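> Got a predicted model here, sequence first, then my questions.
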Amino acid sequence: MTPQEQQINAFLVDVFHDVLRLEEESLRRLGGKRLSVSEMHVLEAVQQRGGSDLPMRQLAAGLGVTAGTLTTAVKTLERKGYLVRLRPLPDKRRVVLRLTEPARRALEAHARFHEALVRQVSARLTGPELDALCQALARLHSFFTEPPPES
C-alpha cells in the first residue's frame with residue numbers, strides 16, 4: 001500500500017470505530033431497556049417503511065442480514081418492549097411490525113444524536129470543505145454500495 005492508501009485505511013478504520021463508539025454511548029444514555037446499535041438500525045428500518053406490510057425477508061435484505069438474524073433481533077426488541085409483532089388476518093403467515101412508544105422516543109433521541117453529530121462536524125469546516133466532503137462521501141458510499149466490477 002502507498003502511504004496515502006495506508007492513511008485512508010487508518011482513517012476509515014478510526015472513523016468507523018469512533019462513530020460506533022459515539023453511537024453506543026448515545027444509546028446507553030437513552031434510559032429504558034438498553035439498545036445495541038444493530039437493534040436501533042432495525043427500529044430505524046421499521047420506522048422508514050412507515051408501518052406498511054413489508055415481508056420480514058425484504059426488511060432483512062434491506063438491512064443486509066439474513067431472515068433468521070432479523071427474526072432473532074425482532075424477538076429481542078419485542079421482549080424489550082420496543083416492537084410488537086402482529087399477524088393480520090386473513091394471512092397469518094405475514095408478520096407486521098409495529099413500533100411501541102418507547103421505540104418512538106428512542107428513535108427521536110437517536111435522530112437528535114445524529115443531528116448534533118453532523119452539526120458539530122459541519123461547524124468545523126468551511127463551505128468549500130463541506131462541499132468537498134459531501135462529494136468524497138458520496139463517491140465512497142457508491143463504492144461500498146455498488147456491486148464490484150467483474151474481473
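Received it, and whenever you're ready, just let me know what you need. Note that this is a predicted model, so its numbers are computed, not measured.
> Just give me the neighbour total for residue 118.
The number of residues packed near residue 118 is 10, by other CB atoms under 10 Å. No exception for glycine: its C-beta is placed from N, CA and C like everyone else's.
> Just the element for it, please.
Here residue 118, judged by DSSP states H and E, is contained in helix 101-123.
> Which SSE is immediately downstream of that helix?
Next element after helix 101-123 (DSSP H and E): helix 127-145.
> Confirm that residue 84 sits in a strand.
Yes - counting by DSSP: H, G, I helix; E, B strand; the rest coil, residue 84 is part of a strand.
> Just say helix, strand or coil for the residue nearest to it when sequence neighbours are not counted.
For residue 84, ignoring the flanking residues on the chain, the nearest one in space by CB to CB, 6 or more residues apart in numbering is residue 98 at 4.6 Å. Assigned with three-state DSSP, residue 98 falls in the strand class.
> ok, residue 98 touching residue 87?
No - counting by CB atoms under 8 Å, residue 98 does not reach residue 87; the two are 11.7 Å apart.
> Using CSV, write out every CA atom in stretch 44-51.
What follows is stretch 44-51, C-alpha atoms only, in CSV (Å, rounded to 0.1, in the frame of the first residue of the first chain):
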residue,chain,number,x,y,z
GLU,A,44,-35.0,2.7,12.1
ALA,A,45,-35.7,0.3,9.2
VAL,A,46,-39.2,-0.4,10.6
GLN,A,47,-39.8,3.3,11.1
GLN,A,48,-38.7,4.1,7.5
ARG,A,49,-41.1,1.7,6.0
GLY,A,50,-43.9,3.5,7.8
GLY,A,51,-45.8,0.5,9.2
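> No more questions from me, cheers.
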